[in-house]
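**Q** Got a sequence here, can you build the structure:
(one chain, ligands or ions: 2)
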Amino acid sequence: MWLLVICLVAFPLLYEWSITFKYFCKMAFYNGWILTLAILAIPICAVRGRNVENMKVLRFMLLHIKYLYGIKIEVRGWENFNIKEPYVVVSNHQSSLDLLGMMEILPGRCVPIAKRELMYAGTAGLACWLAGVIFINRKKTDDAISVMSEAAETMLKEDVRVWVFPEGTRNHSGSLLPFKRGAFHLAVQAQVPVIPVVMSSYKDFYSKKDRKFATGKCTVRILPGVPTLGLSPDDVPDLTDRVRGLMLDAFSQMSTERPGKEPGGIH
Ligand SMILES: CCCCCCCCCCCCCCCC(=O)SCCNC(=O)CCNC(=O)[C@H](O)C(C)(C)COP(=O)(O)OP(=O)(O)OC[C@H]1O[C@@H](n2cnc3c(N)ncnc32)[C@H](O)[C@@H]1OP(=O)(O)O
Ligand SMILES: CCCCCCCC/C=C\CCCCCCCC(=O)OC[C@@H](O)COP(=O)(O)O
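**A** Ligands and ions are numbered 1, 2, ... in the order given. From the prediction side, this is the model:
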């Protein structure tokens with residue numbers, strides 16, 4: 001009798017622990033593997049010095065990780081990236097796994113804006129610096145704004161695209177946080193389009209809260225560009241709300257699709 005009670009209690013606990021253990025191992029390997037790949041990337045990138053072209057090196061070195069983790073990434077809307085001029089990409093930010101979706105579609109000469117702390121993440125920080133990642137100090141708004149104004153000039157002078165996570169922090173709530181305005185000021189200053197990118201919720205295979213990390217599928221949708229030609233700083237709040245609305249619609253639509261099914265119908 002007691003044995004039965006012990007088994008009934010122990011098995012679910014062991015099962016829970018094994019899921020949690022797997023989560024921690026997979027996350028540790030994810031970070032460790034990126035730090036290791038960065039060791040290989042640094043000398044290759046250092047040959048060119050700090051240069052946005054080095055982002056290609058990081059991209060090709062990271063592309064295989066989705067296979068290691070059994071994450072299938074489906075991309076929709078590639079054609080919306082077919083713009084020769086620079087643009088600002090804005091995307092939702094659920095977790096550090098976003099790096100996989102980002103690398104899957106990262107356009108040429110495109111650099112992300114990242115929090116300054118990432119620069120100190122050992123080898124990964126150095127690799128990011130060599131690839132031209134733009135670092136901002138989120139605690140000093142004025143500093144961050146001046147770095148982003150410089151970025152607007154660089155975009156035009158050096159034909160560079162910029163990727164921003166306008167939520168400003170990771171968010172796994174199943175919706176979108178209010179957007180920070182920096183990305184939209186940047187696009188208006190440079191008078192370039194904003195291209196929204198939406199990554200579907202990871203909830204089916206990944207949850208930091210539940211310590212779950214299984215295999216699964218993620219859809220990445222590139223939405224049509226939103227032009228900013230002729231807009232002024234006064235139009236930024238409206239532009240921000242409009243783009244957030246478009247992304248929220250796409251995110252909600254993607255969340256109601258069953259994994260592996262195309263939208264728009266029962267199959
Ligand atoms: C092989 C080896 C691999 C190694 C490894 C590879 C990895 C290679 C990939 C790395 C990938 C990294 C991925 C990292 C991902 C993150 O680190 S996410 C975190 C960093 N990103 C962000 O924070 C997003 C950008 N942030 C912003 O845009 C924010 O607006 C700012 C600029 C930080 C300011 O923040 P804030 O003060 O909290 O908020 P906000 O309300 O937006 O602004 C305050 C006021 O300033 C105004 N303002 C904002 N910006 C501007 C501006 N530019 N001009 C004028 N006014 C402005 C606003 O309009 C607002 O004024 P009001 O409208 O209220 O009057
Ligand atoms: C010798 C020092 C060693 C430091 C080890 C640090 C381990 C880091 C290892 C690998 C870095 C992987 C690069 C992942 C890039 C994704 C970055 C990311 O997702 O940043 C979070 C940021 O958007 C928002 O931060 P918060 O949610 O506000 O917090």
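
**Q** tell me the contacts of whichever residue of the stretch 1-150 of the chain sits closest to ligand 2?
**A** In the stretch 1-150 of the chain, the residue that lies nearest ligand 2 is residue 122 (3.4 Å; C-beta to the nearest ligand atom). (Each C-beta comes from the backbone N, C-alpha and C, glycine too.) For residue 122, the contact set (C-beta atoms under 8 Å, 6 or more residues apart in numbering) comprises 35, 38.

**Q** buried stuff in stretch 174-193?
**A** For stretch 174-193, a neighbour-count test (16 or more other C-beta atoms under 10 Å) marks 176-177, 179-193 as buried.

**Q** all helices for this structure, in order.
**A** Secondary structure of the chain (DSSP state H): helices located at 2-46, 54-62, 65-68, 98-105, 122-130, 141-158, 182-190, 236-256.

**Q** re earlier: pLDDT score assigned to the residue of the stretch 1-150 of the chain closest to ligand 2?
**A** With respect to pLDDT, residue 122 scores 97.

**Q** And for residue 261?
**A** pLDDT, read off for residue 261, is 52.

**Q** Below-threshold pLDDT in the stretch 151-267 of the chain: ranges please.
**A** Scanning the stretch 151-267 of the chain with the threshold set as pLDDT under 70 gives 258-267.

**Q** Spell out which residues of it are next to ligand 1.
**A** 164-166, 168, 180-183, 185-186, 236 (C-beta under 6 Å from any ligand atom).

**Q** Not counting residues beside it along the chain, what's closest to the residue in the chain that ligand 1 sits nearest to?
**A** For the chain, the residue closest to ligand 1 is residue 182, as judged by C-beta to the nearest ligand atom, at 1.9 Å. Nearest non-adjacent residue to residue 182, counting by C-beta to C-beta, 6 or more residues apart in numbering: residue 148, 5.2 Å away.

**Q** which parts of the protein sit against ligand 2?
**A** Near ligand 2, when you scan the chain using C-beta under 6 Å from any ligand atom, you find 31, 34-35, 93, 96, 99, 115, 118, 121-122, 124, 165, 169-170.

**Q** try 5 Å this time
**A** Within the chain, the positions near ligand 2 by C-beta under 5 Å from any ligand atom are 31, 34, 96, 99, 121-122, 124, 169-170.

**Q** Let's have the residues you listed in a markdown table, adding distance to residue 212.
**A** Shown next, in a markdown table, are those (distance: C-beta to C-beta, whole Å):
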| residue | distance to residue 212 |
| --- | --- |
| 31 | 18 |
| 34 | 21 |
| 96 | 15 |
| 99 | 19 |
| 121 | 24 |
| 122 | 27 |
| 124 | 25 |
| 169 | 21 |
| 170 | 16 |
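
**Q** Now, of these, which are buried?
**A** Buried among the residues of the chain next to ligand 2 by 16+ other C-beta under 10 Å: 34, 99, 121, 124.

**Q** Report the contact partners of the third one.
**A** Applying C-beta under 8 Å, 6+ apart, one finds that residue 121 lies in contact with 35, 128.

**Q** how does it look with 10 Å?
**A** Going by C-beta atoms under 10 Å, 6 or more residues apart in numbering, residue 121 touches 31, 34-35, 38, 114, 127-128.
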